[in-house]
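[1] Show me how the following folds:
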Amino acid sequence: MLIIPPPRFNEQNSASTPPELNTRLISGNSAGLTADFPVMPNDRVFLTLSSSVRGGEFNQSFLIATNAPRIEFLIPKGFVEASVGKIVLLLLTINRAGSNSAAPAARVLINSSPIVTPLPGAVWDFSDDTFQGWVPQGPYTGGLLHVINSSVVVDVLISQASSAHIITRAVPVIAGRTYDCSFEVIGGSSAADGSTLHMTVNGSPIGAAVQNITKAQPQTGRGSFTATLTGDVRLGIFNQRVPSGIHRLSLSNIRIQPRP
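    A predicted model of the protein is given here:
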């Protein structure tokens, strides 16, 4: 019997009663999901989006061809939007060598609340003790991030080495405009844990990495990009070297500023 964690929507929040997915955070025509479980060739994967609403149920299955550290899924956006205001279930089963193993069912509330979009020169200072629209990603999901004293705090005792986004957020931009971005980071101990952070837009780096992060003093990461479209892009803070073991740092004062 395989021990499989429940799948999750990439854009759902970290609430526990239950977590929520705001459909306005979905970029493009499909909602992304992830299951942090390593798969092997010939594993057969079955995923169901279960809903009480007509048009809200979606099933998919596929055969794994190569080893992968996690499973990525796409569900057409319309099937998710059909369940706005309802709780859906995400059901994952993996067949390995003829034996089925199921993950615990994941309950997610689907909503479509208005997203507060930033004005030019926006700063997310987390002073209201919320994530202000920023969404934990990958190994940082599941309630591992907290907003404390105007900072997004990572305090993990048993971290697994990897590379992953810490948080991302949809940000509206105008085609042809160049935007300068920055964030502040400080470590949680006198010795650096190896984390190496940089900013991204739609997953691509836009600035130099910040390294040797300790509690001695805050450091500032910076980046810039020129928008190629008018609409939403995904701004993120990426950790190239998520450490193994104790992992502590705090993020604050994330900014975006259009150039004149």
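
[2] Please count neighbours and contacts with C-alpha atoms only from this point.
    Fine.

[3] Which stretches in the stretch 1-150 of the chain count as helices?
    77-81 (DSSP state H, counting those that start in this stretch).

[4] gap between residue 254 and residue 175?
    Separation of residue 254 from residue 175 (C-alpha to C-alpha, to the nearest Å): 22 Å.

[5] These two - which one has more neighbours?
    More crowded of residue 254 and residue 175, by other C-alpha atoms under 10 Å: residue 254, with 21 against 11.

[6] my read: that one touches residue 183, true?
    Yes - contact status for residue 254 versus residue 183: in contact at 4.2 Å, counting by C-alpha atoms under 8 Å.

[7] show me where the stretch 51-200 of the chain has strands.
    Counting by DSSP state E, counting those that start in this stretch, one finds strands in the stretch 51-200 of the chain at the ranges 58-63, 71-76, 87-96, 99-102, 106-111, 122-124, 135-136, 145-148, 151-159, 162-173, 178-187, 197-201.

[8] Of all these, which one is nearest residue 248?
    In terms of C-alpha to C-alpha, the element of the strands of the stretch 51-200 of the chain nearest to residue 248 is strand 151-159, at 4.5 Å.

[9] helices and strands around the least confident helix or strand in the chain by mean pLDDT, which ones?
    One helix or strand of the chain scores below all others by mean pLDDT, DSSP states H and E: strand 20-22, with a mean of 88. On a contact count with 3 or more C-alpha pairs under 8 Å, 6 or more residues apart in numbering; DSSP states H and E, strand 20-22 meets strand 106-111.

[10] Figure out how far the strand it packs on is from the centre of its chain.
    In terms of C-alpha atoms, centre = their mean, to the nearest Å, the centre of strand 106-111 is found 16 Å from the chain centre.

[11] Give me the pLDDT value at the closest residue in space to residue 130 that isn't next to it in sequence.
    Closest residue to residue 130 in three dimensions, ignoring its sequence neighbours and counting by C-alpha to C-alpha, 6 or more residues apart in numbering: residue 147, at 6.2 Å. We have a pLDDT of 94 for residue 147.

[12] before we move on, what about residue 138?
    At residue 138, the predicted lDDT confidence score is 87.

[13] Compute the distance between it and residue 34, please.
    Remark: distance between residue 138 and residue 34 (C-alpha to C-alpha) = 8 Å.

[14] Give the residues shared as contacts by the two.
    Residues touching both residue 138 and residue 34 (C-alpha atoms under 8 Å, 6 or more residues apart in numbering) are residue 10.

[15] Return the residue of this structure that is most distant from the centre.
    Farthest-out residue of the chain from its mean C-alpha position, per C-alpha atoms, centre = their mean: residue 98, at 32.7 Å.

[16] and the spatially closest residue to residue 76 that is not a sequence neighbour, how many neighbours does it have?
    For residue 76, ignoring the flanking residues on the chain, the nearest one in space by C-alpha to C-alpha, 6+ apart is residue 30 at 4.3 Å. Residues near residue 30, counting by other C-alpha under 10 Å, number 15.

[17] who touches residue 165 in this structure?
    136, 137, 138, 236, 237, 238, 239.

[18] Quickly name whichever of those residues is closest to residue 221.
    Lowest distance from residue 221 to the contacts of residue 165 (C-alpha to C-alpha) belongs to residue 237, with 9.3 Å.

[19] And the closest residue to the closest one other than its chain neighbours, what's its pLDDT?
    With sequence-adjacent residues excluded and distances taken as C-alpha to C-alpha, 6+ apart, residue 237 is closest to residue 199, at 4.6 Å. On the pLDDT scale, residue 199 is placed at 97.

[20] show me the contacts for residue 199.
    The contact partners of residue 199, by C-alpha under 8 Å, 6+ apart, come to 181-182, 205-207, 209, 221-223, 235-238.
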